[in-house]
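>>> model the following, please.
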Amino acid sequence: MVYTVDDLPGWLPPWCVEWLGAEPVGVLFELRQMSAVFGLRLADGREVVVKARDDGGRTASCVAAQRWLAERGFPCARPLTPAVGTPAVHAEEHRPGGVVLHGDSPAVAVRCARVFAWLMRELAAVSVAPPLPNPRWVRWDHGGPGLWPAIAELDERDQGAVPAFVVDTAVRARERLRSADLPCVLGHADFEAQNLRWHDGDVWMVHDWDSLAWQPEAALVGAAGTMFANTTPPVLVPVASTAAFLAAYQEARGRRFTAAELEVAWAAGLWTAAHNARWEALHGTPPLVGDALRVQAAERLWRANA
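Numbering: from 1, shown residues only. The predicted structure follows:
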C-alpha cells in the first residue's frame, strides 16, 4: 500500500514541526503493530522515523539507552528527540539498508550471540530507570493472578485452545525463573532476525529498542538464544543452536555462567517459547513453535532443572 502525507494522523505534521523543525512532505513507510511507526521525508530533506506507543512509561528509558549506544558507535538509529507525551512519541534517524540473516543453525547462533554480547556489554554502562513493565514475552515476573501476564487481546479468547503441555512447560519454567536469586540488568528482549540487519558479514543495524527489559543477564541471553532466528511467524530453534548461542555469548563476554545461571537461561527460553506457542493456539495459526516445543520441551526442561 502506498501512503501519502494526507494519510498521516492529524497530530503528526505539527509534532514534526515542533520537535524536528520541518513538516513531512513524503511517507517512506507506515507500520502499525505494537507501535505506530512512520517513516517520513521532511521538507528540509531529512529522512526520519517517528514512533508512537502506549507504553506505561517505558519509552523514556528505552530512548535514553538507545541514544547512549548510538553516540558510542553501536549500530542503532540515533534518536533525534526524547520521548514526549502520552502515548509516548519520539523520532530517530532513518537508517535503511542491510539484509536479514536467515537460519537457525549453530553457526548462525554463534554470529548472533557475539552481537548480543557486544550489545549487553555496552548496555552494562547505561544508567536509566528500569523499563518496566517488561515486554510480555519476558514478563514471567508479573504480579498479577494466574500464569500469564494480563493481555486483554489474548485473555478474552478460549484458553482451552492452549495445549496442556504448553501450560505445564510455562508453569515449570516460571517457577524456576521466579526462584532465581540473580540481579537484574538492562537488556534487549526482542533480539530476533527480523530486528537485525547485516552487511558484508557484519551487523549493520539493531532495531526495536522499545523492547528493552529489566531481567537477569542469563535470562535475557537465554531468551535471545531461543528467538534469534525469528522472523514472521516465530519459530523455535533446535536445542543445539540455543546451546551454541549460550556458549558463544559466554566466550565473547569473557566469563562463564554458573550452573544456576545456565538453568535460568534455559528456563527463560522455555518461557518465550511457551508464550509464542500460546499465541499460536489462541489465534488458530499453524503451531510452528508448538510442534517444536512438544518435541524439545523435555530436553529444555531438564537443562533448566525445571
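>>> can you pull out the helices in the chain?
Secondary structure of the chain (DSSP state H): helices located at 12-20, 59-71, 106-123, 152-155, 164-178, 217-227, 239-253, 259-283, 288-304.
>>> mind putting those into CSV with mean pLDDT?
Shown next, in CSV, are the helices of the chain (pLDDT from 0 to 100):
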stretch, mean pLDDT
helix 12-20, 96
helix 59-71, 96
helix 106-123, 98
helix 152-155, 92
helix 164-178, 98
helix 217-227, 98
helix 239-253, 98
helix 259-283, 98
helix 288-304, 98
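>>> out of the ones you listed, which comes closest to Cys184?
helix 217-227 (8.5 Å; CB to CB). Heads up, the C-betas are built off the backbone N, CA and C, glycines and all.
>>> quick one, the closest one and helix 164-178 angle?
150 degrees (axes from the mean of the first three to the mean of the last three CA atoms, to 10 degrees).
>>> which helices and strands sit right next to helix 217-227?
Other helices and strands packing on helix 217-227, by 3 or more CB pairs under 8 Å, 6 or more residues apart in numbering; DSSP states H and E, are helix 106-123, strand 184-188, helix 239-253, helix 259-283.
>>> out of the ones you listed, flag the one nearest Trp140.
Evaluated over those, closeness to Trp140 peaks at helix 259-283, with 5.0 Å, by CB to CB.
>>> if you count neighbours, what's buried in the closest one?
260-282 (16 or more other CB atoms under 10 Å).
>>> hmm, back to that, turn the helices and strands packed on helix 217-227 into JSON lines, columns for distance to Arg157.
Shown next, in JSON lines, are these (distance: least, CB to CB, whole Å):
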{"stretch": "helix 106-123", "distance to Arg157": "32"}
{"stretch": "strand 184-188", "distance to Arg157": "29"}
{"stretch": "helix 239-253", "distance to Arg157": "29"}
{"stretch": "helix 259-283", "distance to Arg157": "4"}
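>>> ok, which of those comes nearest Arg78?
helix 106-123 (14.4 Å).
>>> how does the protein divide up, domain by domain?
5-93, 106-304 (automatic domain parsing).
>>> need these in TSV with distance to Val99, can you?
Converted to TSV, the domains of the chain look like this (distance: least, CB to CB, whole Å):
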stretch	distance to Val99
domain 5-93	14
domain 106-304	6
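>>> and the helices of the chain: which comes nearest Trp209?
Of the helices of the chain, nearest to Trp209 by CB to CB is helix 59-71, at 4.2 Å.
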